[in-house]
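Enquirer: compute the structure for the input listed below.
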Amino acid sequence: MIKSLIVDDEPRAIKALEILLEKNCPEVRIIGTASNVDDAYRQIVLEKPALVFLDINMPNGTGLDLIERIKDTESAKVIFTTAHDEFAIKAFRLSAIDYLLKPIDKVELIDSINRFKKHVSKSANEELTVLSQLLDKQNGKRIAINTVDGVHVINLEDVLYLSSEKNYTTFHFQGSSILTSKPLGDYEKTLSEYQFIRVHRSYIVNLKKVKEFHRKRMEIVLDNECCIEVSRNRKELLMENLKIV
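Expert: Here you go, the predicted structure:
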């Protein structure tokens with residue numbers, strides 16, 4: 001759910017947006033409303049919403065003033081909502097996710113929520129990359145992977161192989177596995193530095209866990225006795241890398 005705050009000095013505008021969100025964006029949960037900048041600031045600090053629907057023209061300060069107050073904190077992302085478009089350029093300079101003109105159109109609202117989700121997903125992936133790079137420098141053989149439950153830090157020496165599950169990838173360990181939210185191809189280049197190799201469109205294996213390679217059957221046997229199919233066009237590359245190991 002996307003924790004959200006609506007900031008607007010017009011009660012009818014707040015109600016209209018709440019109805020639109022309830023009908024068209026069920027992933028958005030309104031945790032509060034505010035009618036002025038001071039109240040909005042207090043709620044942002046206390047409740048830490050992920051998203052703020054922010055009107056610009058309000059008494060005792062504008063929505064732009066609120067952005068200036070929270071920009072140096074761990075602030076929420078903002079979608080501006082206003083009846084006036086003369087503030088659009090300044091709004092985007094202040095890194096707003098989007099800018100909706102009243103009366104708000106439901107299609108434009110849905111597009112704005114989707115834009116927010118893409119922005120958050122991109123930020124999460126960037127944070128994950130930084131974490132993996134930090135772990136790489138500290139340990140050399142640990143990475144962070146994104147799963148439906150959160151971020152898992154794994155020791156690559158414990159990984160037997162990876163398998164493709166449509167747009168997902170499963171990391172297989174001795175007696176356990178972890179499903180991640182990225183396709184197999186996203187891991188191929190990263191793991192190649194750690195003696196992992198793609199042997200099939202559906203598999204990447206840890207070369208250090210390879211016990212046997214049967215040429216006639218075109219399959220690998222791992223330390224846990226698991227058999228992995230090898231594509232014919234990957235055979236030579238596999239054999240070259242096994243010599244290195």
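Enquirer: in this protein, which spans are helices?
Expert: Taking DSSP state H, the helices of the chain run over residues 11-24, 37-47, 63-70, 88-93, 106-139, 185-192, 235-244.
Enquirer: in the protein, what helix or strand scores lowest on average pLDDT?
Expert: None of the helices or strands of the chain scores lower by mean pLDDT, DSSP states H and E than helix 88-93, at a mean of 48.
Enquirer: looking at the helices of the chain, which is buried most?
Expert: By mean neighbour count, with neighbours taken as mean count of other CB atoms under 10 Å, helix 63-70 ranks first of the helices of the chain at a mean of 18. To be clear about C-beta, it is placed using only N, CA and C from the backbone, and glycine gets the same treatment.
Enquirer: who does that one touch, helix- and strand-wise?
Expert: Contacts defined by 3 or more CB pairs under 8 Å, 6 or more residues apart in numbering; DSSP states H and E place helix 63-70 against helix 37-47, strand 51-54, strand 77-82.
Enquirer: between the longest one and helix 63-70, how big is the angle?
Expert: Spelled out, that is helix 37-47. 40 degrees (axes from the mean of the first three to the mean of the last three CA atoms, to 10 degrees).
Enquirer: if you average pLDDT over helix 37-47, what comes out?
Expert: Regarding helix 37-47, the rounded mean pLDDT is 92.
Enquirer: who does it touch, helix- and strand-wise?
Expert: strand 2-7, strand 28-34, strand 51-54, helix 63-70.
Enquirer: any idea how far residue 178 lies from residue 166?
Expert: Distance of residue 178 to residue 166, given as CB to CB, to the nearest Å: 16 Å.
Enquirer: neighbour count: those two, which is higher?
Expert: In this view residue 178 and residue 166 are compared by other CB atoms under 10 Å, and residue 178 has more residues nearby, 16 against 7.
Enquirer: any idea which residue of the chain is furthest from its center?
Expert: Computed with CA atoms, centre = their mean, the maximum C-alpha offset from the centroid of the chain is found at residue 216, amounting to 42.5 Å.
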